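Enquirer: When you get a sec, could you give me coordinates for this:
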Amino acid sequence: MFTDKHITMIRAHIELVDELHQTTTSRNQLAMIWRALLEEPHMIRRTHQVHPDTCRVSRAAWEAMSGVRPRIHSKGKKLGLRYEHPVPLTSCLYPLVRDALKRGGDVAAREVLEKFHRPSWITTEEDLRLNNCGLRSKMPSDWDGYNPFARYEEVGIELI
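Expert: Numbers count the residues shown, from 1 in each chain. This is a model prediction of the structure:
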């Protein structure tokens, strides 16, 4: 899923972030680049359909879709859906990947990305539940570090 080229780009990005961790503006811009780096391998683009193996769906979102996955993010929004990451990218996944690169290099980083980068379609109501429980950008306080869907389980989001 993540090629050597992607891992090299991610490594370079993390080194850049470590050097430029100065202003909120630069951190926000770097976070946008981080998100773009992670989305590209999944072909989440204008005309490419989200692949079932890389994108989970909640039961409620599946009902809203009527069994047809949106081809692009804006179509999902029209259906009241949110394209969401079970392990928040910037606040949780980024530190995990950074630590993996330092600890075990490219192989360890790839393993972390393949384990925890699991985008999902959920409804806007389910997203609101995450926000209301304080889980918008963090994992539950009792997270075991293994289950990428712990936030969803905490608020009762069922994935199919």
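
Enquirer: report the longest helix in this structure, please.
Expert: helix 94-116 (DSSP state H).

Enquirer: ok, and the closest non-adjacent residue to the residue sitting nearest the centre point of the chain?
Expert: By Cα atoms, centre = their mean, the chain has its centre lying nearest to residue 85, at 3.2 Å. Spatial nearest neighbour of residue 85, excluding adjacent residues (Cβ to Cβ, 6 or more residues apart in numbering): residue 119 at 5.5 Å. C-beta coordinates here come from the backbone N, C-alpha and C atoms, glycine included.

Enquirer: just checking, the one you found touches residue 83?
Expert: Yes. Here residue 119 reaches residue 83: they are 6.2 Å apart, a contact under Cβ atoms under 8 Å.

Enquirer: ok, back up a step: roughly how far does the residue nearest to residue 85 sit from residue 155?
Expert: Here residue 119 is placed at a distance of 17 Å from residue 155 (Cβ to Cβ, to the nearest Å).

Enquirer: Residue 93 - nearest residue in space that isn't next to it in sequence?
Expert: For residue 93, the closest residue by Cβ to Cβ, 6+ apart turns out to be residue 87, at 5.0 Å.

Enquirer: Look at that neighbour and give its secondary structure.
Expert: coil (DSSP: H, G, I helix; E, B strand; the rest coil).
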